[in-house]
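**Q** sequence first, predicted coordinates after that:
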Amino acid sequence: MALIRKIGQGIGLLLGLALVVWLFYPSARRPQLTVATVNNADMILMQQLSKEFERQSGVKLNWVVLGENVLRQRLTIDISTGSNTFDVITLGSYEAPLWGERGWLVPLDDLGADYGYDDIFGGVREGLSYQGKMYAAPFYAESTLTYYRCDLFEKAGLEMPRQPRYDEIREFARRLHDPAHGVYGACLRGEPGWGENTAFVSTLVHTFGGRWFDLDWKPQLTSPAWTEAVRFYVDLVRDYGPPGAITDGYNESRALFANGNCAMWVDASSAASYFLDPSQSRVATTTGFAKAPIAKVPNGSAWLWSWALAVPRSTPRAALAKQFIKWATSRSYVSLVGTRFGWLWVPPGSRRSTYDNPEYERAAPFAPLVREAILNADYTKPSALPVPYVGIQYVGIPEFQAIGTEVGQEISAALAGRVTVERALALSQTEAERALEGRYHQ
Amino acid sequence: MTGNVRAARLRPLYPRLLLAPSIVALFLWMIVPLAMTLWFSVERYNLLSPGKSAFAGLQNYRALVANRALWVAMGNTLLLVALVLAITLALGTLFTALLNEDFPGHGVCRLLVIAPFFVMPTVSALVWKNMLMNPVFGLGAWITRSLGLGAVEFFAHLPLVSIALIVAWEWTPFAVLILLPALQSLNPELEEAARLDGGGPVDLFLHIQLPHLMRPMAVVAMIEMIYLLSLFAEIYVTTGGGPGLASTNLAYLIFRDALLGWDVGRASAGGVIAILLANVVALFLMRMVGCNLEESR
């Protein structure tokens, strides 16, 4: 009996030891990378195609896929506290230079000559750089387009110019607004948030000739250009927009347009391929495309945004991470998507070669417009007036998230008719002044 | 019996020693996050400017108190709790009285009344936002439009009431869950006596059932309040605290400072204020419940 008990104890001890070793022993067989990305359609395709990369490189990829806002929160906390949860992260052109400046990212200027840095649109590449060093590789980029319904325009005898003006947009909206039949003249983002309504209003203010801050960082939210632009926006959406616009963000507005509820929509160019897909859109054959409207000056009338992949400084597997990024943002990845899923679905906006490809142009009739918009959107000169900042639909300073959120809230209150435009902007001005106090008192 | 008591009194150290690890663990569980919050609330600490952290004294509190947002958020927090409590208690009592009766299919009914409690808050908020209250696609808009009335823009014009409705829909089942067994424990002889004395169903409800339910209702109010003071998911999903500050409560304000402004210092100060508010409200409620219990005894 004693012997059996001894043997039993021995086996138990061995099992325990094995468990401890299994828990703490690094799995050396196959290197792993943890990739954090946003749940946009293009990234979902990347996740599907990454099997290819795993086969080529022998690396195992672990995916963490989150919505835009949650991802941003997760990554900011992660990276600012220096914990190394992720090896590859997804961020936008707002974060890349800021985080590069803080030394949180590994520079990506050594991906090799065959990567084709010159093939990336200049504005997109510089937007992801700090002091000339690229800190994130663009996966796709977008500007703003005007989407409209050809059938409704035709029926009303209207014609959308290639470069519309905002007063024309308002006139079209007035003519086409038909809520009894579920068609609203103009859908625009109304949901509060710095990446939602604030982004659109920011382009509007810039094309109305305004700016966020003067050269001394004094907020300009009570200036005539802001009042005029926000009043225009509030009137347009209230008179000719869908009801309940204050809860319509990018996704809700896109769904409205795809469902045939909007005559026009001014928003991100990356939605274009979605509207042309008959399985997801009821307006696949009737959607027309035009450039983003202009009010007074062309500066900042269309935004520039890119989603990009980067490597946090804290990861010990930077070389492997770079290898993955090189694969996912390369020309060959674009053609891989093109051949596997169809050319309509390739990640747009980042590389010239995509737009030089006749197959893409055939599949995506909006391609020349998008190329033009991306080339013209100069994020270093967002306003006709001199400004101390870069960024069109955002301001490239860390305080902007808080300011943009606050301003978005006030504007949505004005849109809901709870406060006047003047009062909303005065409150926004106070908030912005408070947030930037340290900056312009120095 | 007395022997045991004496033994326990003689060797008080032993059981206490045995209890000590769990008490210490519980204490740390409570005190570490609280102490950290208190510490951060007197720091100037922004996640995006890591080099500039420093002791800030009461500056975070001063900034918060000077800001209109805090007072609006506090008002909204209390209003939201009051609205939801009122709706859930009223509907909960009503449903309880109905479900207490015996009618065909009342088992199924009971199940259906309880069901909303098991839907996740984010899911139910999304369903309400996009399928019921949406002025374009929503069921509510379809009904009002078929009647020739315009669509109500719930989240634009009645943000707080809309959120209260959604939350009340989720929490009414909880009230029923607590109240129904309590009502079933009511002595049937009492009801019979009342009926013999010529009391109708309304008298029965007002004078027999309702007084009997006072105590469980206080319990419902207490527990719901604890959850509702930190209401967040429904606001996040539906209105994002807007329009303006119309549906921002304290929890949402803290979230905004912490995760949209990255201002850990100010968010922690907000957290401390939220703790104070919760304690004050709890104290009042405890008193009220306490009095109530005294009376009903």
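**A** Arrived safely, thanks for sending. Numbers count the residues shown, from 1 in each chain, chains lettered A, B, ... in the order given.

**Q** number of nearby residues for residue 179?
**A** Picked chain A for this. The number of residues packed near residue A:179 is 17, by other Cβ atoms under 10 Å in any protein chain shown. Just so you know, the C-beta spots here come from the backbone N, C-alpha and C atoms, and that holds for glycine as well.

**Q** switch to chain B, that's the one I care about
**A** Residues lying near residue B:179 (other Cβ under 10 Å) number 26.

**Q** pretty sure it is touching residue B:90, no?
**A** No: applying Cβ atoms under 8 Å, one finds residue B:179 not in contact with residue B:90, separated by 11.5 Å.

**Q** from chain A, how far out is residue B:232?
**A** Separation of residue B:232 from chain A (Cβ to the nearest Cβ, to the nearest Å): 14 Å.

**Q** isn't residue A:236 right up against residue A:188?
**A** Yes: with contact defined as Cβ under 8 Å, residue A:236 reaches residue A:188; the gap is 7.0 Å.

**Q** which one of those two has more residues nearby?
**A** Remark: of residue A:236 and residue A:188, residue A:188 carries more neighbours, 25 against 19, as counted by other Cβ under 10 Å.

**Q** next up, the contacts around that one.
**A** Residues near residue A:188 by Cβ atoms under 8 Å, 6 or more residues apart in numbering or on different chains: A:200, A:233, A:236, A:237, A:241, A:245, A:253, A:265, A:266, A:267.

**Q** what's the closest of those residues to chain B?
**A** Using Cβ to the nearest Cβ, residue A:245 is the member of those that lies nearest chain B, at 7.7 Å.

**Q** okay, now that closest one: neighbour count?
**A** Neighbour tally, residue A:245, other Cβ under 10 Å: 28.

**Q** ditto for residue B:150
**A** When neighbours are defined as other Cβ under 10 Å, residue B:150 has 11 of them.

**Q** what does residue A:379 give?
**A** Should you count by other Cβ under 10 Å, residue A:379 turns out to have 21 residues around it.

**Q** so what's it scoring on pLDDT?
**A** Looking at residue A:379, its pLDDT reads 91.

**Q** residue B:3 now?
**A** Note for residue B:3: predicted pLDDT of 52.

**Q** now, the contacts of residue A:188 that are in strands?
**A** A:265, A:266, A:267 (DSSP state E).

**Q** the second one contacts residue A:146, doesn't it?
**A** Yes: counting by Cβ under 8 Å, residue A:266 sits close enough to residue A:146 to count as a contact (5.1 Å).

**Q** any shared contact partners between those two?
**A** Joint contacts of residue A:266 and residue A:146 (Cβ under 8 Å, 6+ apart) are A:169, A:292, A:293.

**Q** want to throw these into a markdown table with secondary structure and distance to chain B?
**A** Rendered in a markdown table, the data for the shared contacts of residue A:266 and residue A:146 read as follows (DSSP: H, G, I helix; E, B strand; the rest coil; distance: Cβ to the nearest Cβ, whole Å):
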| residue | secondary structure | distance to chain B |
| --- | --- | --- |
| A:169 | helix | 21 |
| A:292 | coil | 24 |
| A:293 | coil | 24 |
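
**Q** mind putting the residues you listed in JSON lines, pLDDT, distance to residue B:15 and neighbour count included?
**A** Formatted as JSON lines, the entries for the shared contacts of residue A:266 and residue A:146 read as follows, by pLDDT from 0 to 100; distance: Cβ to Cβ, whole Å; neighbours: other Cβ atoms under 10 Å in any protein chain shown:
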{"residue": "A:169", "pLDDT": "96", "distance to residue B:15": "78", "neighbour count": "25"}
{"residue": "A:292", "pLDDT": "96", "distance to residue B:15": "75", "neighbour count": "26"}
{"residue": "A:293", "pLDDT": "96", "distance to residue B:15": "77", "neighbour count": "23"}
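
**Q** okay, now the domains of chain A?
**A** Following automatic domain parsing, one gets these domains for chain A: A:32-135+A:305-367, A:144-303+A:390-441.

**Q** ignoring the adjacent residues along the chain, who's closest to residue A:145?
**A** Distances taken as Cβ to Cβ, 6 or more residues apart in numbering or on different chains place residue A:269 nearest to residue A:145, at 4.5 Å, with adjacent residues excluded.

**Q** next up, the contacts around that neighbour.
**A** Taking Cβ under 8 Å, 6+ apart, we find residue A:269 in contact with A:142, A:143, A:144, A:145, A:348, A:349, A:366, A:369, A:370, A:373, A:374.

**Q** count of neighbours near the first one?
**A** The tally of other residues near residue A:142 (other Cβ under 10 Å) stands at 25.

**Q** point out the most buried one among the domains of chain A.
**A** Most buried of the domains of chain A, by mean neighbour count (mean count of other Cβ atoms under 10 Å in any protein chain shown): domain A:144-303+A:390-441, with a mean of 21.

**Q** from residue A:190, how far out is the residue of the stretch 51-200 of chain B found nearest chain A?
**A** Relative to chain A, the nearest point of the stretch 51-200 of chain B is residue B:135 (3.6 Å; Cβ to the nearest Cβ). For residue B:135, the distance to residue A:190 (Cβ to Cβ, to the nearest Å) stands at 12 Å.

**Q** ditto for residue B:54
**A** Per Cβ to Cβ, residue B:54 is found 40 Å from residue A:190.

**Q** again, but for residue A:227
**A** For residue A:227, the distance to residue A:190 (Cβ to Cβ) stands at 19 Å.

**Q** how about residue A:92?
**A** From residue A:92 to residue A:190 the distance is 21 Å (Cβ to Cβ).

**Q** let me have the domains of chain A in a markdown table, extended by distance to residue B:63.
**A** Listed next are the domains of chain A as a markdown table, based on distance: least, Cβ to Cβ, whole Å:
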| stretch | distance to residue B:63 |
| --- | --- |
| domain A:32-135+A:305-367 | 21 |
| domain A:144-303+A:390-441 | 8 |
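
**Q** would you convert the contacts of residue A:269 into CSV that also reports secondary structure and pLDDT?
**A** Listed next are the contacts of residue A:269 as CSV, based on DSSP: H, G, I helix; E, B strand; the rest coil; pLDDT from 0 to 100:
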residue, secondary structure, pLDDT
A:142, strand, 94
A:143, coil, 95
A:144, strand, 95
A:145, strand, 95
A:348, coil, 93
A:349, coil, 92
A:366, coil, 94
A:369, helix, 94
A:370, helix, 94
A:373, helix, 94
A:374, helix, 94
